[in-house]
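Peer 1: next comes the sequence, and after it the predicted model I'd like to discuss.
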Amino acid sequence: MIAGILLGPSLLGFVAPGAASALFPEQSLPYLAALSQVGVVLFMFLMGLEVEPKLLRGRGRAAVMTSQAGILVPFVTGAVLGLFLHSRLAPEGVDRTHFVLFMGTAMSITAFPVLARILDERGLARTGIGTMALASAAFNDVAGWTILTVVVLLTRAPEVGISVATTLLGLVTFALVLLLLVRPLLQRMVDIFVRRGALSNDLMALVLLLAFGSAVASELVGVHALFGAFVLGVLVPRRSDFARALVAKMQDLVVVLLLPIFFALTGLRTRVGLLAGFEMWGYCALVLLIAIAGKFGGVSAAARFSGLSWREACALGALMNVRGLVELVILGVGLEIGIISPSLFTMMVIMALVTTVIATPLLEWIHPSPAAVLTSPDA
């Protein structure tokens, strides 16, 4: 994330414009954008694969409360911030309701993949705190992307000349096709995987075809392509290590090759120079403060109220404050559909970077023991 920003106009383009234009020639940007879109679609599919539906059930009162507070409190604080910033930073002509809903959604997101990796690296993945954090993040992902789907639907429907009712009908049809046709096909593919004992090339090709087909279908009904890829990932059966085999086969290509292109393009869109003056940096500081306070405060307070100790509650708050790549994807959607301005995009990218960087040191300070487990009998 840092490298992508440094390669853009915020640093390289400022100190060495010639090197920046040589590295990213203007005529190459459409091709990089296409590769970037492919990478993000595959990443969203992988993110759907990593969301465990079973984590959303049976995790106790504390998990339910932190899940709800983890999206509700930052959504409300982000929406209030959106009301304040609409007349100051929103692009001209953007509906206030749409802008407020987007800001609330952007503030409430937790990066599930980044969170999972932090827990794994610290040996917390199978502890009470780890499973509760994963359950809460899974709920955040599903709820956050659902709200964002509504925002994109409301914003894009008038632009593409499709009524909201037609888009909703298309979404219902899309959902029925996924449930009645695609899901049984995925079950059949799992059976073939079990018989063969390996993920063959023809199965892999069919999975990719379904992922991109789902992305195209969601784009055609007036919603963003990323939603279709994410939903298909969630629908893939988790039994017999089929989903794990898909992740293992796709992750290196996506993470090592395609996502760095997305980071580079995000860096090209991030212009720190737009934040000139005390007022703009004040808005940036306000965005960062609201983002941290809403997520960390909401989750910590809910977890403490549910019976956890303050140390455990604050550890959950620190974990749930991770935004990471998922936030950048959402911000890219917002910039693409014109609901946020380049200056606000830059502020939000800085917020995503800061909240991601401070998560692990903050967790280490609050919860230094990787072997610690929850003591609450209700957890």
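Peer 2: Yes, it's here.
Peer 1: helix, strand or coil: sort out residue 368 for me.
Peer 2: Assigned by DSSP: H, G, I helix; E, B strand; the rest coil, the conformation of residue 368 is coil.
Peer 1: ok, it - contacts?
Peer 2: If you count contacts by C-beta atoms under 8 Å, 6 or more residues apart in numbering, residue 368 has none. Placement of C-beta: from N, CA and C, glycine included.
Peer 1: what about it, distance to residue 303?
Peer 2: Residue 368 sits 18 Å away from residue 303, going by C-beta to C-beta, to the nearest Å.
Peer 1: check residue 201 too.
Peer 2: The gap separating residue 201 from residue 303 is 46 Å, by C-beta to C-beta.
Peer 1: ok, those two, which is more surrounded?
Peer 2: Set side by side, residue 201 and residue 303 show more neighbours around residue 303, with 32 against 8, by other C-beta atoms under 10 Å.
Peer 1: list the single closest residue to the more buried one in space, sequence neighbours excluded.
Peer 2: Nearest-residue entry for residue 303: residue 313, 3.7 Å, with adjacent residues in sequence omitted and distances by C-beta to C-beta, 6 or more residues apart in numbering.
Peer 1: and the host helix or strand of that neighbour, what does it pack onto?
Peer 2: Using DSSP states H and E, the element containing residue 313 is helix 310-320. On a contact count with 3 or more C-beta pairs under 8 Å, 6 or more residues apart in numbering; DSSP states H and E, helix 310-320 meets helix 60-89, helix 112-121, helix 128-159, helix 298-305, helix 342-366.
Peer 1: burial measure for residue 154, as a count.
Peer 2: Around residue 154 there are 18 other residues, counting by other C-beta under 10 Å.
Peer 1: just the pLDDT at the closest residue in space to it that isn't next to it in sequence, thanks.
Peer 2: In space, and not counting its chain neighbours, residue 154 is closest to residue 98: 5.7 Å by C-beta to C-beta, 6+ apart. Looking at residue 98, its pLDDT is 91.
Peer 1: try the one 5 residues further on
Peer 2: As summarised for this prediction, residue 103 has a pLDDT of 96.
Peer 1: got phi/psi on residue 91?
Peer 2: phi -60, psi 150 (degrees, to the nearest 10).
Peer 1: to clarify, my last question referred to residue 237.
Peer 2: phi -60, psi 140.
Peer 1: what's the spacing between residue 324 and residue 351?
Peer 2: 11 Å.
Peer 1: which element is the closest residue in space to residue 348 that isn't next to it in sequence on?
Peer 2: Using C-beta to C-beta, 6+ apart and skipping the chain neighbours, the partner closest in space to residue 348 is residue 331 (5.1 Å). Using DSSP H and E, residue 331 sits in helix 324-336.
Peer 1: coming back round to it: report the angle between the strand or helix carrying the residue nearest to residue 154 and helix 342-366.
Peer 2: Using DSSP H and E, residue 98 maps to helix 96-108. Angle between the axes of helix 96-108 and helix 342-366 is 30 degrees (criterion: axes from the mean of the first three to the mean of the last three C-alpha atoms, to 10 degrees).
Peer 1: poorly predicted segments of this protein, please.
Peer 2: 52-64, 125-126, 157-163, 369-379 (pLDDT under 70).
Peer 1: and the residue positioned nearest the centre of it, what does it touch?
Peer 2: The centre of the chain sits closest to residue 326, judged by C-alpha atoms, centre = their mean, with a distance of 2.5 Å. Shown in contact with residue 326 (C-beta under 8 Å, 6+ apart): 47, 109-114, 141.
Peer 1: count of neighbours near residue 87?
Peer 2: Residue 87, neighbours per other C-beta under 10 Å, totals 9.
Peer 1: the residue nearest to residue 303 and residue 349, how far apart?
Peer 2: 29 Å.
Peer 1: do the same with residue 364
Peer 2: 25 Å.
Peer 1: the two: which has the busier surroundings?
Peer 2: Using other C-beta under 10 Å, the more surrounded residue of residue 364 and residue 349 is residue 349, with 27 against 13.
Peer 1: quick check: phi and psi on the residue nearest to the more buried one when sequence neighbours are not counted?
Peer 2: Among residues not flanking residue 349 along the chain, residue 270 sits closest, at 4.9 Å (C-beta to C-beta, 6+ apart). For residue 270, the backbone dihedrals (degrees, to the nearest 10) come out as phi -90, psi 120.
Peer 1: sounds good, over and out.
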